[in-house]
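Engineer: here's my sequence, what's the structure:
(one chain, ligands or ions: 1)
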Amino acid sequence: MTTSLQHKQIQHMEFKDKVVLITGSGSGIGRVAAQMFAKEGAKVVVSDVNAAGGEETVQSITAAGGSAIFLRADVSNFGEVEKLMNDIVSAYGRLDVAVNNAGVGNRYPQKTAEADIDDWDRVMAINTTGVFYCMKMEIQQMIKQGGGSIVNTSSIAGLRGLPNSLAYVASKHAVVGMTKTAAMEYARHKIRINAVCPVFTITPMFQPAVMDQISEGLSDKLKRGVPMKRFAQPSEMAEAMLWLASEKASFITGHALPVDGGLTA
Ligand SMILES: NC(=O)c1ccc[n+]([C@@H]2O[C@H](COP(=O)([O-])OP(=O)(O)OC[C@H]3O[C@@H](n4cnc5c(N)ncnc54)[C@H](O)[C@@H]3O)[C@@H](O)[C@H]2O)c1
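Structural biologist: Numbers count the residues shown, from 1 in each chain. Predicted structure coming up:
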């Protein structure tokens, strides 16, 4: 028998039985977002190039009583993104929410005139072309089913310059541009498309100790630049993703939300 509190919790699950894809959820922000969507009742599709990380995320969700499967895909490969979408539709028949979160940093530090061509191509292929490929397929499915919600992971580097990070900055500005354009195109199809713009968040991608190896005191310098004087936790980014994806944000589309302790204020 369920208690009244349990009953209330069941009733209030924001994503009960919604099918939610999160790319790059084998680690960091994506993993925590996957866990939080699952806690809200979602059927989570964990996707990543890193199968071991992805399976670990799935295990953490199922161990906590949630629902998740892992589907491997490299977002920079269109054939793999197409297959990912076909497999999701075969498994669940629909896709309610997509969080296009897979991303990589550029080789650091590298000023513009010294930046590697190969590194530029790699970062753009994953961070920008990957988001395009995913949105292209997700939107096709969402039109068929009559709506959906997409959240892209950009960065504060999608809103302002960041020395030594040309490829990353270019790739994340492109994510904001694609978010705004697609949002305008598909609002009439009841598809909302937004972006979150995280500041420095402690994950395998951003580790203060690694920053300090590049240049002594760099992590402190970065922290001092954030008005709240601290780095972010992955759950703080995931909260914003869940809110933007949910019905609570029902009239918000084409927005790039900084989650940055005031850095871009
Ligand atoms: N951590 C930060 O400070 C920070 C700040 C701003 C934005 N972001 C963005 O947040 C997102 C998540 O980053 P994170 O900090 O959790 O990093 P992370 O490295 O922990 O996670 C990124 C995940 O993406 C996966 N991935 C990489 N290339 C892929 C590909 N081609 N196809 C599919 N998956 C791929 C990785 O395997 C990894 O599991 C990224 O888009 C990143 O640019 C992070």
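
Engineer: hmm, who's touching whatever helix or strand residue 180 lives in?
Structural biologist: Following DSSP states H and E, one finds residue 180 within helix 166-186. The contact list for helix 166-186 (C-beta atoms under 8 Å, 6 or more residues apart in numbering) reads 103, 105-106, 110-112, 115, 119-120, 123-124, 126-128, 131-132, 135, 139, 142-143, 150, 152-155, 157-159, 161-162, 192-195, 197, 253-256. Heads up, the C-betas are built off the backbone N, CA and C, glycines and all.

Engineer: I'd like to know which of these are buried.
Structural biologist: For those, a neighbour count by 16 or more other C-beta atoms under 10 Å gives the buried set as 103, 105-106, 110, 115, 119-120, 123-124, 126-128, 131-132, 135, 139, 142, 150, 152-155, 157-159, 192-195, 197, 253-256.

Engineer: in strands, which of those residues appear?
Structural biologist: With DSSP state E as the criterion, strands contain 150, 152, 153, 192, 193, 194, 195, 197, 256 from among these.

Engineer: ok, the last one touching residue 154?
Structural biologist: Yes: counting by C-beta atoms under 8 Å, residue 256 touches residue 154, with 6.0 Å between them.

Engineer: need the residues touching each of those two.
Structural biologist: 176, 179, 195, 196, 197.

Engineer: how about the helix holding residue 180 and the ligand, touching?
Structural biologist: No: Helix 166-186 lies apart from the ligand when judged by C-beta under 6 Å from any ligand atom; the minimum separation is 6.8 Å.

Engineer: just the buried residues of that helix, please?
Structural biologist: Going by neighbour count (16+ other C-beta under 10 Å), the buried part of helix 166-186 is 166-176, 178-180, 182-183, 186.

Engineer: how about the residues of the protein by the ligand?
Structural biologist: Counting by C-beta under 6 Å from any ligand atom, the chain sits next to the ligand at 23-24, 26-30, 48-50, 53, 74-76, 101-104, 126, 130, 153, 155, 198, 200-201, 203-206.

Engineer: just the buried subset of those, please.
Structural biologist: Buried among the residues of the chain next to the ligand (16+ other C-beta under 10 Å): 23-24, 26-30, 48-49, 53, 74-76, 101-104, 126, 130, 153, 155, 198, 200-201, 203, 206.

Engineer: quick one: whichever residue of the stretch 101-250 of the chain sits closest to the ligand and residue 143, what's the gap?
Structural biologist: Residue of the stretch 101-250 of the chain nearest the ligand, by C-beta to the nearest ligand atom: residue 103 (2.2 Å). As judged by C-beta to C-beta, to the nearest Å, residue 103 and residue 143 stand 26 Å apart.

Engineer: can you list the weak-confidence ranges in this structure?
Structural biologist: 1-11 (pLDDT under 70).

Engineer: can you show me the helices along it?
Structural biologist: 4-11, 28-39, 51-63, 78-92, 117-123, 130-145, 166-186, 208-214, 218-224, 234-245 (DSSP state H).

Engineer: using JSON lines, lay out those helices together with distance to residue 263.
Structural biologist: Compiled in JSON lines, those are given as follows (distance: least, C-beta to C-beta, whole Å):
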{"stretch": "helix 4-11", "distance to residue 263": "35"}
{"stretch": "helix 28-39", "distance to residue 263": "17"}
{"stretch": "helix 51-63", "distance to residue 263": "28"}
{"stretch": "helix 78-92", "distance to residue 263": "32"}
{"stretch": "helix 117-123", "distance to residue 263": "21"}
{"stretch": "helix 130-145", "distance to residue 263": "22"}
{"stretch": "helix 166-186", "distance to residue 263": "14"}
{"stretch": "helix 208-214", "distance to residue 263": "16"}
{"stretch": "helix 218-224", "distance to residue 263": "10"}
{"stretch": "helix 234-245", "distance to residue 263": "13"}
